[in-house]
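Participant: Quick one, fold the following:
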Amino acid sequence: MKDRVFSTTYKSSLTLPYIVVPLILGAILGLIGIYLDRLVFTLSSAIFTSFAVWHWPFLDSNKPVLKLTAQGADIDGIGRIPWSAFKQVELVEKRKKNQTPSENCGLRIILNLPLSTAAQPLKHMDRPNWQKPLTKEIDKQTLHIEAGWLVDSQIDVANAFAWFLKPIQK
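Facilitator: Numbers count the residues shown, from 1 in each chain. Below you'll find the model as predicted:
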């Protein structure tokens, strides 16, 4: 367990439309607003541009956002959570009508301790508050990771968690 490391990053191909389309619409509306001297178009441009900036971190496919090592799980926007703080990690399906299984899965992480005491901040995993994080804090001891945004499949991420948690759960 000492030498094994699992690391994954955002799947930037999924986020490209979330950035390119709003930037193009923002540019068009901004130019129309300037040309027609209408504040409504300029404000709409600012909203579209803000949406693109909000999703901008997902384009960085070189920065690991989830790294599992012998010390614990390094999660983007949270920091390191030691394996002793984990109670359970499960794959959760959020299926909508006509979706195939595992098309829209996430990981639910249940901790033994509140996140505020379990997580150790790491400088390279910090994000400004305005940027969209990888995880959502459901309650004090439960996290949800949108695994569909990651390069590795949801099953691979869940299996990596299971491999690291296996020695602790015995």
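
Participant: per-residue pLDDT, the most centrally placed residue in the chain?
Facilitator: Centrality entry for the chain: nearest residue to the mean C-alpha point is residue 134, 1.7 Å, by C-alpha atoms, centre = their mean. Per-residue confidence at residue 134 stands at 73 (pLDDT).

Participant: cool, and residue 37?
Facilitator: On the pLDDT scale, residue 37 gets 89.

Participant: Name the nearest residue to the residue nearest to the centre of the chain, ignoring sequence neighbours.
Facilitator: Distance criterion C-beta to C-beta, 6 or more residues apart in numbering; nearest residue to residue 134, sequence neighbours excluded, is residue 76 at 4.3 Å. Heads up, the C-betas are built off the backbone N, CA and C, glycines and all.

Participant: so where's the chain shaky on pLDDT?
Facilitator: 1-3, 94-104, 124-132, 168-170 (pLDDT under 70).

Participant: switch to 80 and redo it
Facilitator: Along the chain, segments meeting pLDDT under 80 span 1-4, 9-15, 57-63, 93-105, 122-134, 147-149, 167-170.

Participant: Give me the helices and strands touching the helix ranked longest in the chain, please.
Facilitator: When the chain is parsed with DSSP state H, its longest helix is helix 12-36. Helix 12-36 is packed against helix 39-55, with contacts defined by 3 or more C-beta pairs under 8 Å, 6 or more residues apart in numbering; DSSP states H and E.

Participant: And the helix it packs on, how far out from the chain middle?
Facilitator: Chain-centre distance of helix 39-55: 22 Å, with C-alpha atoms, centre = their mean, to the nearest Å.

Participant: could I have it exported to PDB, CA atoms only?
Facilitator: The C-alpha coordinates for helix 39-55 follow below in PDB (Å, rounded to 0.1, in the frame of the first residue of the first chain):
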ATOM      1  CA  LEU A  39     -27.100  48.200 -20.700                       C
ATOM      2  CA  VAL A  40     -29.300  45.000 -20.700                       C
ATOM      3  CA  PHE A  41     -27.100  43.400 -23.400                       C
ATOM      4  CA  THR A  42     -23.900  44.400 -21.500                       C
ATOM      5  CA  LEU A  43     -25.200  42.900 -18.300                       C
ATOM      6  CA  SER A  44     -26.200  39.700 -20.100                       C
ATOM      7  CA  SER A  45     -22.700  39.600 -21.500                       C
ATOM      8  CA  ALA A  46     -21.300  39.800 -17.900                       C
ATOM      9  CA  ILE A  47     -23.500  37.000 -16.700                       C
ATOM     10  CA  PHE A  48     -22.400  34.700 -19.600                       C
ATOM     11  CA  THR A  49     -18.700  35.600 -19.000                       C
ATOM     12  CA  SER A  50     -19.100  34.900 -15.300                       C
ATOM     13  CA  PHE A  51     -20.600  31.500 -16.000                       C
ATOM     14  CA  ALA A  52     -17.500  30.600 -18.200                       C
ATOM     15  CA  VAL A  53     -15.100  31.800 -15.500                       C
ATOM     16  CA  TRP A  54     -16.900  29.700 -12.900                       C
ATOM     17  CA  HIS A  55     -16.200  26.600 -15.000                       C
END
